[in-house]
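# sequence? don't have it. structure:
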DNA sequence: GTAACCAATGAAAGCGCTTCCATAGTGGGT
DNA sequence: ACCCACTATGGAAGCGCTTTCATTGGTTAC
């Protein structure tokens, strides 16, 4: 059996109360005693039992992080940022992911039931009733990522999709002189795609440019689907002042590949831009103009906000919106290849 | 305060012992009683306190997963596989990553000190003395990923780098008819790079092909470094029967980009292959011939092995080696572009 | 000299659970 | 009628810790 507080107490010739005080409220104990106890702790290599401690203190120093899916680099950035911040604040991160809404519900229920975490950060691709329900009845503080639930008093950290998309569209129209912009989005139900498309339409309308429904496509964010779409449409798309605005970098890369094969020169014959600023954006030729979405920062801030709430459950809910940043590279024609 | 076992006992009109038995050894309790207790549990929405439970049972149903760095898609695949398996087996995963060896040491010490996990899977890019030391004195079972410690009795799950690299080299030499192969690896100290390079040299020697030290380069696995290296050397590299073997896909992509800019046709003037089979491998033109490394599977198996050991700490250590799979795409010239 | 205070410490309760042991009740074998 | 085995249950100890409360001896204030 591991060494307990009692062993330390015996060795130091004090009571367990004193040892406990050394651990938690050291200012209450005499200098000499303190030193004796610390030496005993050192010698015995004593580590307090987390369970016994948790039983009294009701906290585990663990936070949950629930993500929609761990596939790809997108979410790993969130984990990365969250993990760094959690470590900094003395917490550990329990990471889990859900394949779909149903799975997410099961996952949340499981977390709630085991209630070993002090707080939880949740990112779900779509909020269903059952998820909303599990979140509403949660035992510990919850922070929502990249979305928010209207009525519940949760904190939330979001990406200001609209501002990012507006920045991109204005750049295309005002700086690059785009005359026609084709939008290639993810699924029609995807919240991010919807926000990005709205800003797209808005800027086109405001600028008096055509906003043909035929120039709006909905795919699934995948490279291959986008490439195939481009193969079929490049003949129609290519032309001076024309531009394809893909709702993520992978699709933009697929379109780039199709253009290259078809001999359509980017950005000369057609500009192509992406979104997210994932690693691929720097790995295409020409490199992709895109919108940097601060995922790691989102993860970090979510943890920060969560910890604040754990410390003070009664504070008023905060809503942080992170502003994406336009990243101008070669594919829009405003920057020369290096 | 949350509802406790005592509340349930009262409501069901039984003792807490009986409630506890319903929770742990239901076969010992009478059918009728069982039902009454379960109903009480349901009505009160009772969930056993994990800490009290852990205090007695000495387990938390949590496993640790320590990775070198969370950046990029490489590690997120490991997490993905590990998470799925952990959930399947009723465990939660505490994920953390270390920036460098020193950080890894601190991280491991922290885990060991808090000892809230039942077992831990560790992947470190390089095993230093201090890390080896922390692992040796670990309080709970440890499974090593993609490496192994000779003397310690840990389980390990590794990638058979050698066989993957041999397969690639044989493919290049025997099927593609390569006459000269240039190796572009990661850091000289990187274990994976070392293994891959050994197989490279072995096959060249066995085939009577030249193995010029000048054709071995060590970079840092990054796209940009590889691209710049290629920019400087393409003139020398290009030629019929010549091939660049990059130790990961990103570097291969960088070399591809340089070739494209320089007008060197791949695979016609120069074949280029990668390693890992990450997403980029399918997103380049031509697509990359590479070696698929089953990362998700590695994560899953690590968790599986770990759970077995948690269940039976005395079993003899297992060593699982996963065999990578050659993936032939366009960049080696053996498959036509689609 | 006595009351009031303070710093330092120990004794003990209790957090919510599991489990050993004791007890009561039942039925079968003799 | 008696004993034994067996099932179902409760009582209570104890896991390792925090914290309240009481106790001690030493100061300071009047």
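Looks like it came in fine. Since the model is a prediction, treat every value here as computed from it, not as a measurement.
# Excluding sequence neighbours, find me the nearest residue to residue A:192.
Computed as CB to CB, 6 or more residues apart in numbering or on different chains, the closest residue to residue A:192 that is not its neighbour in sequence is residue A:161, at 5.6 Å. Quick note: C-beta positions are derived from backbone N, CA and C, even for glycine.
# Could you report the neighbour count for that neighbour?
24 (other CB atoms under 10 Å in any protein chain shown).
# That one contacts residue A:324, doesn't it?
Yes: the pair residue A:161 / residue A:324 is scored as a contact, 7.5 Å apart, by CB atoms under 8 Å.
# quick revisit: so who does the residue nearest to residue A:192 touch?
A:192, A:195-196, A:199, A:324 (CB atoms under 8 Å, 6 or more residues apart in numbering or on different chains).
# DNA strand C contacts on chain A?
A:13-18, A:21, A:28-33, A:52, A:55-56 (CB under 7 Å from any atom of the strand).
# Tell me, please, where in the stretch 1-150 of chain A the pLDDT is lower than the cut-off.
A:1, A:70, A:150 (pLDDT under 70).
# at 90 instead, please
Applying pLDDT under 90 to the stretch 1-150 of chain A picks out residues A:1-3, A:26-32, A:58-59, A:68-77, A:98-103, A:109-110, A:112-116, A:124-139, A:146-150.
# All the helices of chain A, in order from the start?
A:5-12, A:16-24, A:31-44, A:50-57, A:72-88, A:101-114, A:129-136, A:161-170, A:191-206, A:223-237, A:249-262, A:295-311 (DSSP state H).
# Which residues does the fourth one contact?
When contacts are defined by CB under 8 Å, 6+ apart, helix A:50-57 is touched by residues A:60, B:49-52, B:54-55, B:58, B:60, B:114-116.
# Any chance of those residues in a markdown table with distance to residue A:331 and neighbour count as columns?
Formatted as a markdown table, the contacts of helix A:50-57 follow (distance: CB to CB, whole Å; neighbours: other CB atoms under 10 Å in any protein chain shown):
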| residue | distance to residue A:331 | neighbour count |
| --- | --- | --- |
| A:60 | 47 | 25 |
| B:49 | 56 | 20 |
| B:50 | 51 | 22 |
| B:51 | 54 | 23 |
| B:52 | 59 | 15 |
| B:54 | 54 | 23 |
| B:55 | 59 | 16 |
| B:58 | 57 | 13 |
| B:60 | 49 | 25 |
| B:114 | 48 | 20 |
| B:115 | 51 | 18 |
| B:116 | 48 | 25 |
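# Could you restrict these to the ones contacting DNA strand D?
Near DNA strand D, by the rule CB under 7 Å from any atom of the strand, you find B:52, B:55 out of the contacts of helix A:50-57.
# If we only consider the contacts of helix A:50-57, which is nearest to DNA strand D?
residue B:55 (4.0 Å; CB to the nearest atom of the strand).
# Let me see the contact set for residue A:160.
So, once contact is read as CB under 8 Å, 6+ apart, residue A:160 ends up touching A:321-324.
# sorry, back to before: of the contacts of residue A:161, which is the most crowded?
Counting by other CB under 10 Å, residue A:196 has the largest number of neighbours within the contacts of residue A:161, with 26 neighbours.
# For residue B:41, see how far away that residue is.
Here the criterion is CB to CB, to the nearest Å. By it, residue A:196 lies 47 Å from residue B:41.
# same deal with residue A:319?
For residue A:319, the distance to residue B:41 (CB to CB) stands at 37 Å.
# The two: which is more packed in?
More crowded of residue A:319 and residue B:41, by other CB under 10 Å: residue B:41, with 21 against 12.
# Hmm, that one is touching residue B:8, no?
Yes: between residue B:41 and residue B:8 there is a contact under CB under 8 Å: 5.6 Å.
# what touches both of these two?
In contact with both residue B:41 and residue B:8: residue B:19, using CB under 8 Å, 6+ apart.
# near chain B, which residues of the stretch 51-200 of chain A show up?
Residues of the stretch 51-200 of chain A lying near chain B by CB under 8 Å from any CB of the partner chain: A:51-52, A:54-55, A:58, A:60-62, A:70-73, A:75-76, A:79-80, A:83, A:87, A:92-97, A:107, A:112-116, A:139.
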